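Asks: sequence unavailable; structure follows:
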Ligand code: NAI
Ligand code: CS2
């Protein structure tokens, strides 16, 4: 390879079948994306590219990195161009995406981000800033006003938090008469549109022109909820080398994904939008049932596999799925624990969807690491597993598989070692708080009580449910003594409680419950 790099000037040397279906230089910016990480480039940007192939328009994307200049250094020398490597089994398909037209470094130049959001040519802002990027207090649903970045934005600096950037850009739009705006969260958060709208309104209200800005938001800004899905592992140097070989020019910004992708968006826009429906995007009245099903079935299973897999010494989630007993845990999680908590999903074949999920997890070509999925557990588990436990207990159920996923997280987060005693890193914004809360805990019961009483992860009342507390302590004891595979067998050999949706009785403070775990002779 000549050492040349992918760019508008070298795009002509890339195999024609891999090039974008339009001239990237011909499209103006109409979208700002906050959090231009791997997932945006493999998901929303590809849907936008495909929509532009059918309905041309100025829907180029201005991507904003939030915490480092790495992605800007990867994309800007390439005129925003990058390749997507779709991996399924032994086949890899490369294509160049030309929808990203500009990349800003939000930490180095926050004023430029605000200016872009405020420009009248921009009609849509999308976000993938990770669950932690919203800096939300789970106990109140509002911003975490103690967060040092939120406080710094409130003190009047050029904003560096996504919510701060949105509020500053919306304020400027109002002052300039730049027209309405649609803000689309594409993070794995149930009811992500309403969550983000609440945070934006909370912060806007605290400004000098709070009432006027709130009124303007109410009439001119929309926050549709979405469900987003495509498994996109972090890119490796091996991926970059493979992409460069396939393209014939160096690509520093390639991303990897499975062939499967799905995007469900509420049809609630303040103004114009790309013709996403022409790319297969589902525009619906209410995305919440879709997001709940996806976050609880896919992401709840993903996290459970990731933690059990880490304890069992598995590097890849595909390896974890192949470990004896782990697939049975995931199947029980989906069928017994999650399904009864899902509302009606007209037209969705749940059984087929679940089988498809298992096949997607088994796609070893993605090389999706357990450690990546296991990261940020304090932010992910409340949405992926704790909600399932709370709802199942309200129905009188015994969600053992979901509780095993939580217990496996506790083992990873607190003991920080696997079943062979090898160290496990804890990549979590609340790692210090977890250590602080559990450092003096006496035994598994002490660890469980210390964590269940932590409203940053567990809603009030969960700690009062002795079945939950006792089962978690029992599972943590098993995990420490017998390891992940043996504990998985315990759970899947335990009797299944048929209590279904609508069973009477909220859990409330129940008498000291005994977990329904079959005891194996030691
Ligand atoms: P990534 O690490 O490639 O990108 C994360 C982006 O979020 C970066 O731009 C980073 O600057 C920004 N960010 C991280 N922490 C932040 C904070 N505290 N404040 C503001 N910005 C912050 O990760 P990737 O793969 O792009 O995933 C991002 C999000 O997309 C996930 O957290 C999830 O919500 C969603 N998603 C990811 C999928 C995947 O398979 N990777 C699939 C479905 C949804
Ligand atoms: C994964 C998700 O890293 C993780 O937490 O569970 O990013 C998962 O790959 C996506 O939600 C799939 O759509």
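Replies: Yes, it's here. Values in this document were obtained by computation on a predicted structure and should not be read as measured data. Ligands and ions are numbered 1, 2, ... in the order given.
Asks: C-alpha only now, for contacts and for neighbours.
Replies: OK.
Asks: measure stretch 315-327 end to end?
Replies: Using Cα to Cα, to the nearest Å, one end of stretch 315-327 lies 16 Å from the other.
Asks: contacts for that stretch?
Replies: Stretch 315-327 is contacted by residues 302, 305-306, 308-309, 312, 314, 361-364, 367-371, 485, 488-489, 492 when judged by Cα atoms under 8 Å, 6 or more residues apart in numbering.
Asks: got a quick ChimeraX command for the buried subset of those residues?
Replies: Typed into ChimeraX, the next command selects the buried ones out of those (criterion: 16 or more other Cα atoms under 10 Å):
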select :302,305,306,308,309,312,314,361,362,363,364,367,368,369,370,371,485,488,489,492
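Asks: show me the contacts of stretch 315-327 that map onto helices.
Replies: Where these overlap with helices, as defined by DSSP state H, the overlap consists of 302, 305-306, 308-309, 361, 370-371, 485, 488-489, 492.
Asks: residues contacting residue 178?
Replies: Shown here is residue 178, whose contacts under the criterion Cα under 8 Å, 6+ apart are 118-120.
Asks: just the pLDDT for it.
Replies: Among the per-residue scores, residue 178 shows a pLDDT of 97.
Asks: near ligand 2, which residues of the protein are found?
Replies: Residues of the chain found near ligand 2, taking Cα under 6 Å from any ligand atom as the criterion, are 229-232, 299, 302, 372-373.
Asks: ok, which pair from those residues is furthest apart?
Replies: The largest distance within the residues of the chain next to ligand 2, taken as Cα to Cα, falls between 229 and 372 and amounts to 16.2 Å.
Asks: if you count what's nearby, which of those two comes out ahead?
Replies: With other Cα atoms under 10 Å as the criterion, residue 229 and residue 372 differ in neighbour count, and residue 229 comes out ahead with 22 against 16.
Asks: that one contacts residue 261, correct?
Replies: Yes: between residue 229 and residue 261 there is a contact at 5.6 Å, judged by Cα atoms under 8 Å.
Asks: which SS class is the residue nearest the centre of the chain?
Replies: Central residue of the chain (Cα atoms, centre = their mean): residue 188, 3.5 Å from the mean position. Secondary structure of residue 188, reduced to three states by DSSP: H, G, I helix; E, B strand; the rest coil: coil.
Asks: picking that back up, looking at the ones in helices among the contacts of stretch 315-327, spot the one nearest residue 447.
Replies: Using Cα to Cα, residue 308 comes nearest to residue 447 of the ones in helices among the contacts of stretch 315-327, at 18.2 Å.
Asks: what score does the residue in the stretch 251-400 of the chain that ligand 1 sits nearest to have for pLDDT?
Replies: Among the residues of the stretch 251-400 of the chain, residue 257 lies closest to ligand 1, at 7.8 Å counting by Cα to the nearest ligand atom. In the predicted model, residue 257 carries a pLDDT score of 98.
Asks: spell out which parts of the protein neighbour ligand 1.
Replies: Residues of the chain lying near ligand 1 (Cα under 6 Å from any ligand atom): 35-40, 65-67, 128-133, 161-162, 187-188, 228-233.
Asks: which of the residues you listed fall in helices?
Replies: Using DSSP H, 38-40, 162 are the members of the residues of the chain next to ligand 1 that sit in helices.
Asks: OK, now which residue of the stretch 1-150 of the chain is nearest to ligand 2?
Replies: residue 39 (8.0 Å).
Asks: contacting residues for that residue?
Replies: Residues counted as contacts of residue 39 (Cα under 8 Å, 6+ apart) are 128, 230, 232.
Asks: what's the pLDDT at the first one?
Replies: Pointing back at residue 128 there. At residue 128, the model reports a pLDDT of 98.
Asks: residues near it, how many?
Replies: Residue 128 is flanked by 22 other residues according to other Cα under 10 Å.
Asks: what of the last one?
Replies: Residue 232 is flanked by 21 other residues according to other Cα under 10 Å.
Asks: kindly state the beta-bridge partners for the closest residue to it other than its chain neighbours.
Replies: In space, and not counting its chain neighbours, residue 232 is closest to residue 257: 4.5 Å by Cα to Cα, 6 or more residues apart in numbering. Taking DSSP bridges, one obtains residue 86 as the residues bridged to residue 257.
Asks: count of neighbours near residue 257?
Replies: Taking other Cα under 10 Å as the neighbour definition, residue 257 ends up with a count of 26.
Asks: pretty sure it is touching residue 230, no?
Replies: Yes: the pair formed by residue 257 and residue 230 meets the contact definition of Cα under 8 Å, at 6.8 Å.
Asks: the residue nearest to residue 232: what's it in contact with?
Replies: Taking Cα under 8 Å, 6+ apart as the contact definition, residue 257 lies against 42, 84-87, 230-233, 366.
Asks: what does stretch 232-240 contact?
Replies: Counting contacts by Cα under 8 Å, 6+ apart, the residues outside stretch 232-240 that touch it are 38-39, 42, 250-258, 366-369, 372.
Asks: what's the average pLDDT for that stretch?
Replies: Computed over stretch 232-240, the average pLDDT equals 98.
Asks: mind listing what's buried along it?
Replies: With burial defined by 16+ other Cα under 10 Å, the residues of stretch 232-240 counted as buried are 232-235, 239-240.
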